[in-house]
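**Q** Here's a sequence, model it:
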Amino acid sequence: MSVTRHAEPAVTTPPAPGPRKTDGRTAQRPPALRLLARPEVGVFLGA
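**A** Sure, this is the predicted structure:
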């Protein structure tokens, strides 16, 4: 006995237009804070 599967078309909706909301994970940080967050910089300052 064989089973025939029919592919259903994927239904996608476009993203809503407007300003994008950001949370703490995607917020832009100043370059100095991004630099200090790097582990290599902390090791260098500790030495």
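**Q** so how far is residue 27 from the residue lying closest to residue 42 once chain neighbours are set aside?
**A** Excluding the flanking residues, the one nearest residue 42 by Cβ to Cβ, 6 or more residues apart in numbering is residue 36, at 7.4 Å. Backbone N, C-alpha and C define where each C-beta goes, glycine included. For residue 36, the distance to residue 27 (Cβ to Cβ, to the nearest Å) stands at 16 Å.
**Q** Check residue 43 too.
**A** 26 Å.
**Q** same thing with residue 34?
**A** Distance from residue 34 to residue 27, by Cβ to Cβ: 11 Å.
**Q** where do the helices sit along this structure?
**A** Remark: helices assigned in the chain by DSSP state H are 31-36, 39-46.
**Q** Save those helices as a markdown table, and put in mean pLDDT, distance to residue 5 and mean neighbour count too.
**A** Output for these, formatted as a markdown table (pLDDT from 0 to 100; distance: least, Cβ to Cβ, whole Å; neighbours: other Cβ atoms under 10 Å):
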| stretch | mean pLDDT | distance to residue 5 | mean neighbour count |
| --- | --- | --- | --- |
| helix 31-36 | 86 | 49 | 10 |
| helix 39-46 | 85 | 50 | 9 |
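**Q** Can you tell me which of these is nearest to residue 13?
**A** The minimum distance between residue 13 and the helices of the chain falls on helix 31-36, with 34.3 Å, by Cβ to Cβ.
**Q** What lies in contact with that closest one?
**A** 41, 42 (Cβ atoms under 8 Å, 6 or more residues apart in numbering).
**Q** could you dump that helix to CSV, C-alpha only?
**A** Extracted in CSV, the C-alpha atoms of helix 31-36 (Å, rounded to 0.1, in the frame of the first residue of the first chain):
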residue,chain,number,x,y,z
PRO,A,31,31.6,51.7,20.8
ALA,A,32,33.4,52.0,24.1
LEU,A,33,31.0,49.5,25.8
ARG,A,34,31.3,47.1,22.9
LEU,A,35,35.1,47.3,23.2
LEU,A,36,35.0,46.7,27.0
